[in-house]
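> Here's a sequence, model it:
(chains A and B)
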Amino acid sequence: MADGQIVVTGLTKQFRKVRAVDNLSFTVQPGRVTGFLGPNGAGKTTTLRMLLGLVTATSGTATIGGRRYVDLPDPLRIVGAGLEASSFHKGRTGRDHLRVLCAAAGLPANRADHALEMVGLTPAAKRKVKGYSLGMKQRLGIAAGMLGDPQVLIFDEPANGLDPEGIRWMRTLLSSFADQGRTVLVSSHLLSEVQLFADDVVIIAAGKLIRQGPVEELTNLDGAARQIRVVTPEPDKLFGALELPRTAVAKDENGGFLVTGVTGPQIGKAALAAGVELHELAPQRADLEKVFLELTSGKAGIR
Amino acid sequence: MIRAIRSELLKVRTTSLWWLILIGVVAFTAVAIAFNMLATYVTIHPGTVGPQQGGPDSLLTSVTGLYTSGQYAGTLLAMVFGILIFTNEFFHQTATATFLATPKRTLVIGAKLIVAVIVGVVIALITTVLAVGSGLIFLSTQHADLYLGNAEVLKSIGLNWLAFAIWAVFGLGIGALLRSQILSVILGLVAMLIGQTVVQVVLALLSSYFHVKWLMKIAYYLPSSASSIMTSPHGADGFEWWAGALILLAYGAVAAVIGTVITRQRDIS
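Residues are numbered from 1 along each chain as shown, chains lettered A, B, ... in the order given. Purely as a prediction, here's the structure:
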C-alpha cells in the first residue's frame, strides 16, 4: 500500500432512466480530510459504492492506491468504510458484528474490542444493536471501518445522528487520521459540517463534478460572493456616495448592511470623503453554504 | 475460503435464529416420535386398533419411520434456515459489510453453501439422536426387535441425513434466487406444503381424464416427492432413491447457480 490516493476517472452510473453519476473525475489525497459534498440525491452514495465495488460502474474507473477495490488482496487492511447506520443485524451485539467482519478479513478477534474502545462503545459492546441510538450505530460503523487499521478511510454521512459532542469527537478523530498520513474521504450534505472538518472538498450535483479544491480556496472564491458588513447612521448618504446599485446592498437582521461589489478600503474612503460616520466595516468570510448554493443552484433538484 | 466460512458460522451463532430453529426441530421431532411410536405399537400389537396388519415387513417400515422421525418438519426447517442464511444479508442490510470484507461474492455464497450443509447435518444429528434414542428405549420396552443391524434401516437413517443437507442447500438456492426473505419463506413453504398437493391432485385428475399414466409421474419430479423417494430405501414407482436425491439436488444446484450469477452482478445498495 504505497500511497492510498483515491482516483476517480470518468465514473458513470446509469440506472434505468436516471444518470446517477455522470462522467465524474476527482482525486483524493492522503494526509488530508476530504469532504464529499452534494445535495441529497446528487450521487454521493452511488459514487462511494462504485469506489468500493458494491455497485458496478456503467463506465469509468475508481481506484484506491492504483487498484480497484475488488482486486485488493486484503481489503479491510487497506480500506475501511462505513456506509450506512442501518446495516447491522439488529439481533446481534455490536461486538459480534465486528467479530464476524474480523473472521471474514482474517483479523484477530481482539481487533473488535480495540475498535470498540477507540469509538467509545466498550460499555455497549455486548448489547444488541437494536438497543443502540443512531449515534451509537454511527460509532459502530466507524469502528467497523477501523478494524484493519487501514490507510484509507471512507465514511458516508458519518455525522448523521451525532450530537454536538459526537460531531466534535468525529472531527478530532478524522483529523487525527489525516495527521497520521491516512486518506480520509467523508461525504455529507451539510456544508457547515464539512466546513468544520474538511481540508479539501469535492462538490457534486446531479452526478456531475461542480468543483474540487481546498476549503479556503472555495470560501475565498469569487469577489461576487464576498460581502462587507457596514453599520452607519447615514446609509443613504454613504451608498449614494458609492454610487452602488440597489441590488448590491442588503439589510441584515441586526441593523447593518451587507454590501457586495466593492472592497473595504473603497467604502472607508468614500465615507471619509462624504463625511459619513462609520460604526462598523467588516469583510465577511463567504461561508461554504453560500458558495455551495451558488455553485449548485439549478442543478440540485430531484431527478 | 476458510475465513469466509468462519465468518458465516459466526453469523449463525451470534443471533437468536439458531435456537428458535432448534426449538422448532425438537418440538416437531417430539410430536413425530410420539406419532410413530403409536404407529409402531399398533403394528407390534395387531388387533388393538383397526384392521389386522402385522407381519415383519410392516414392522420394519414402522421402525424405519420411528428412527427417522421429524424428517418432514425438520427438512422444512432446514430449508427455512437455508433461506434465512442468505436473505438475512439483505433483510438486515448486512450485505454491504459482508461484501466489503469479502469482495469476491462467489466466495461468500460458497461459504454459505457449506454452512447450509453443516446446519442441515446438525439438524439431522439432533433429530436422529432424539428419534433413535427414544425409539430404542420404546422398542426395548415392547420387547420388539431393534432392527439396528438391519441394512435397510441404516440406509434410511443415512439418507435422512442427506435429505436435511440437501434441503438446506435447496433453501439457500431459493433465498439467493428470490432475495426477499418473506417471499422466499412463504413461497418455499407453500410450494412444499400446499403446492405439492395441489399439483398432485391436478395431475391425478388430468391423467385419469386423458388416460395417460405418465402425467402422474411428473409429480415425482417435484421437490418434496423427490425427497420422499430419496428417503424410501426401495424408491417408489420405479424411481430409485438416488434418482430422488439427484432430482432434489438438481433443484438446489440450479437455484444456487442462478442465485450466484444474479448476486455477482447485482448492485448492493
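> Can you tell me the SS state at residue A:13?
Under DSSP: H, G, I helix; E, B strand; the rest coil, the three-state class of residue A:13 is strand.
> Neighbours of it, how many?
As a burial measure, residue A:13 scores 23 neighbours (other C-beta atoms under 10 Å in any protein chain shown). Every C-beta, even on glycine, is put in place using the N, C-alpha and C of the backbone.
> likewise the one 3 residues further on?
Residue crowding around residue A:16 was assessed by other C-beta under 10 Å; the count is 4.
> Also residue A:216?
11.
> any idea which element it lies in?
helix A:215-219 (DSSP states H and E).
> What average pLDDT does the helix or strand that comes right after that helix get?
Going down the chain from helix A:215-219, the next helix or strand is strand A:227-231, by DSSP H and E. For strand A:227-231, mean pLDDT rounds to 85.
> who does strand A:227-231 pair up with?
strand A:257-259 (antiparallel), strand A:280-284 (antiparallel) (DSSP bridges).
> Can you give me the buried ones in the longest one?
Within strand A:280-284, the residues that qualify as buried are residue A:281, counting by 16 or more other C-beta atoms under 10 Å in any protein chain shown.
> Chain A contacts on chain B?
B:3-4, B:6-7, B:10-11, B:14-17, B:88, B:92-104, B:265, B:267-269 (C-beta under 8 Å from any C-beta of the partner chain).
> What about those, which are in strands?
Among those, no member falls in strands (DSSP state E).
> May I see the buried residues of the longest helix along chain A?
Determined from DSSP state H, the single longest helix within chain A is helix A:164-179. Of the residues in helix A:164-179, A:166, A:167, A:169, A:170, A:171, A:173, A:174, A:175, A:177, A:178 count as buried by neighbour count, 16+ other C-beta under 10 Å.
> Hmm, residue B:161 and residue B:75 touching each other?
No - the criterion here is C-beta atoms under 8 Å, and residue B:75 misses it with residue B:161 at 10.8 Å.
> As CSV, the strands paired with strand A:227-231 with distance to residue A:75 and mean pLDDT would be great.
Formatted as CSV, these follow (distance: least, C-beta to C-beta, whole Å; pLDDT from 0 to 100):
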stretch, distance to residue A:75, mean pLDDT
strand A:257-259, 49, 85
strand A:280-284, 45, 82
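> ok, the buried residues of helix A:164-179 vs chain B, which is closest?
Relative to chain B, the closest of those is residue A:177; by C-beta to the nearest C-beta it sits at 18.0 Å.
> Tell me who's in contact with that closest one.
For residue A:177, the contact set (C-beta atoms under 8 Å, 6 or more residues apart in numbering or on different chains) comprises A:33, A:153, A:184.
> Quick one, grab the pLDDT at it.
92.
> Check the one 5 residues further on too.
As predicted, residue A:182 sits at a pLDDT of 93.
> how many other residues sit next to it?
Counted with other C-beta under 10 Å, residues neighbouring residue A:182 total 20.
> quick one: the closest residue to it other than its chain neighbours from chain B, how far?
Distances taken as C-beta to C-beta, 6 or more residues apart in numbering or on different chains put residue A:151 closest to residue A:182, at 5.6 Å, once the chain neighbours are dropped. Counting by C-beta to the nearest C-beta, to the nearest Å, the gap from residue A:151 to chain B is 15 Å.
> Give me the distance from the least confident helix or strand in chain B by mean pLDDT to the chain's centre.
Using mean pLDDT, DSSP states H and E, helix B:214-218 stands out as the lowest-scoring helix or strand of chain B, at a mean of 71. Its chain's C-alpha centre and that of helix B:214-218 lie 23 Å apart, by C-alpha atoms, centre = their mean, to the nearest Å.
> for stretch A:143-160, same thing?
Worked out by C-alpha atoms, centre = their mean, stretch A:143-160 lies 14 Å from the chain centre.
> Tell me which residue of the stretch 201-303 of chain A lies closest to chain B.
Counting by C-beta to the nearest C-beta, the stretch 201-303 of chain A gets nearest chain B through residue A:207, at 15.1 Å.
> and that residue, what pLDDT?
88.
> go on, residue B:204?
pLDDT for residue B:204: 77.
> Tell me the secondary structure of it, please.
Residue B:204 - assigned by three-state DSSP - is helix.
> What are the boundaries of the strands in chain B?
Under DSSP E, chain B gives no strands.
> For chain B, which segments count as helices?
For chain B, helices defined by DSSP H occupy the ranges B:2-13, B:17-44, B:56-67, B:71-91, B:95-101, B:105-141, B:151-178, B:181-190, B:196-210, B:214-218, B:223-231, B:241-265.
> Could you provide those helices in a markdown table, with additional columns for mean neighbour count?
Shown next, in a markdown table, are the helices of chain B (neighbours: other C-beta atoms under 10 Å in any protein chain shown):
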| stretch | mean neighbour count |
| --- | --- |
| helix B:2-13 | 19 |
| helix B:17-44 | 17 |
| helix B:56-67 | 20 |
| helix B:71-91 | 25 |
| helix B:95-101 | 24 |
| helix B:105-141 | 20 |
| helix B:151-178 | 23 |
| helix B:181-190 | 16 |
| helix B:196-210 | 13 |
| helix B:214-218 | 14 |
| helix B:223-231 | 23 |
| helix B:241-265 | 18 |
